[in-house]
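Asks: Next comes the sequence, and after it the predicted model I'd like to discuss.
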Amino acid sequence: MFLARIKTPIGSSMEFTSERMTQIEAIVMSRPEVKRYYGAVGGFGGGEVNTGMMFVSLQPKNKRRLSQAELMDYFRKQFNQVPDVRAVMQDLSMRGFAAQRGYPIEFTVRGPDWNKL
């Protein structure tokens, strides 16, 4: 299982973000390695309508050719090709490490302008 965190540009509407999530869902559904997924848009951390997340569960290792890391890399590249989408993947099996959210190291860069960031 892994988590994809999705962001659209600041100021995007819930409908705009939902449309992008629909495109991302189509990418996920196209892969036979995916067992199931759950996606949600907005409402995280105070109503950020330009955010979404998707939990993706994979088929067991013996039923797929690609590793979890390979699939996460594939999906990261595919999701980031969707116009106006920034996607970050999170390996949920790493929950026990320092950042407590599934990342061994965590950095936060904030600001209102994607181009400057």
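Replies: Right, received. Where do you want to start?
Asks: Tell me where the longest helix sits in this protein.
Replies: The helix that spans the most residues within the chain, counting by DSSP state H, is helix 14-29.
Asks: and for the next helix or strand after that one, what are the contacting residues?
Replies: On the C-terminal side of helix 14-29, the closest following helix or strand by DSSP states H and E is strand 34-41. Strand 34-41 has contacts (Cβ atoms under 8 Å, 6 or more residues apart in numbering) with 14, 17-18, 21, 24-25, 28-29, 49, 51-59. All C-beta spots, glycine's among them, are computed from the backbone N, C-alpha and C.
Asks: Specify the angle between the longest helix of the chain and strand 34-41 in degrees.
Replies: Orientation check (axes from the mean of the first three to the mean of the last three Cα atoms, to 10 degrees): helix 14-29 against strand 34-41 gives 170 degrees.
Asks: buried subset of the contacts of strand 34-41?
Replies: 14, 17-18, 21, 24, 28, 49, 51-54, 56, 58 (16 or more other Cβ atoms under 10 Å).
Asks: What residue in the chain is the furthest from its centre?
Replies: Most distant residue from the mean C-alpha position of the chain: Asn62, 24.3 Å away (Cα atoms, centre = their mean).
Asks: Could you tell me whether that residue really is in a strand?
Replies: No. Applying DSSP: H, G, I helix; E, B strand; the rest coil, one finds Asn62 to be helix, outside a strand.
Asks: need the helices for the chain, in chain order.
Replies: 14-29, 68-80.
Asks: Mind checking those for the one nearest to Leu117?
Replies: helix 68-80 (14.7 Å; Cβ to Cβ).
Asks: So for that closest one, mean pLDDT?
Replies: Averaging pLDDT along helix 68-80 gives 96.
Asks: Return the list of helices and strands in contact with it.
Replies: strand 2-7, helix 14-29, strand 51-58, strand 86-91 (3 or more Cβ pairs under 8 Å, 6 or more residues apart in numbering; DSSP states H and E).
Asks: Alright, I will stop here.
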